[in-house]
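**Q** model this:
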Amino acid sequence: MCTAVISCKAIRHDEHVAAAKAEEFLRVAVIDRNSAAAYAMLSLEARTSIKESTFVETVEKMHPNGYPAIVRATEYEPVPGQSAIQVFLEGESGVLKYYYRVAMSGNVDAGYAPSAMFRGNQAYPPSPLRQSLSK
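**A** Model prediction:
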């Protein structure tokens, strides 16, 4: 009976905490370009599945025309049934806009760590679960 109660425990998220961690990660990775520090911020699972050199290469390939000067989280989307939340961010550098999605592993009780980073050429399409980050 104890196992049944534990497995039914609801996953709680704090989108503002997850968004702040995602912003910090992108700031380190793409504004400061401190690859070693950004890699160290990844979840254990992410660091186990990707080498640091591959991470560095991937971030560089995502930015053939430069890097943003600022990034800010704009939206979030919980991943149903999982201890994960997607954070959508926008970056700017002059006239260039950057669109990112950072998958964050964790929850409000365990904390959050980035598990994946994606960059799009335009805003990500809407989703019924996505919500605005109103501060």
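**Q** for the chain, which segments count as helices?
**A** Secondary structure of the chain (DSSP state H): helices at 2-7, 15-26, 35-41, 44-49, 52-61.
**Q** what's the third one in contact with?
**A** Translated: helix 35-41. When contacts are defined by CB atoms under 8 Å, 6 or more residues apart in numbering, helix 35-41 is touched by residues Glu24, Phe25, Val28, Ala29, Arg47, Glu52, Phe55, Val56, Val59, Ala113, Pro114. Quick note: C-beta positions are derived from backbone N, CA and C, even for glycine.
**Q** if we can go back for a sec, by mean pLDDT, show me the worst of the helices of the chain.
**A** In terms of mean pLDDT, the lowest-scoring of the helices of the chain is helix 2-7 (a mean of 45).
**Q** export the contacts of helix 35-41 to TSV and tack on distance to Lys97?
**A** TSV is the format used below for the contacts of helix 35-41 (distance: CB to CB, whole Å):
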residue	distance to Lys97
Glu24	20
Phe25	19
Val28	20
Ala29	17
Arg47	30
Glu52	28
Phe55	23
Val56	24
Val59	18
Ala113	26
Pro114	21
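**Q** max-length strand in this protein?
**A** Identified as the longest strand of the chain according to DSSP state E is strand 96-107.
**Q** mind listing what it pairs with, with the direction of each?
**A** Paired strands of strand 96-107, with direction, are strand 84-93 (antiparallel), strand 111-120 (antiparallel) (DSSP bridges).
**Q** which of the contacts of helix 35-41 tops the neighbour count?
**A** With neighbours taken as other CB atoms under 10 Å, the top of the contacts of helix 35-41 is Ala29, carrying 27 neighbours.
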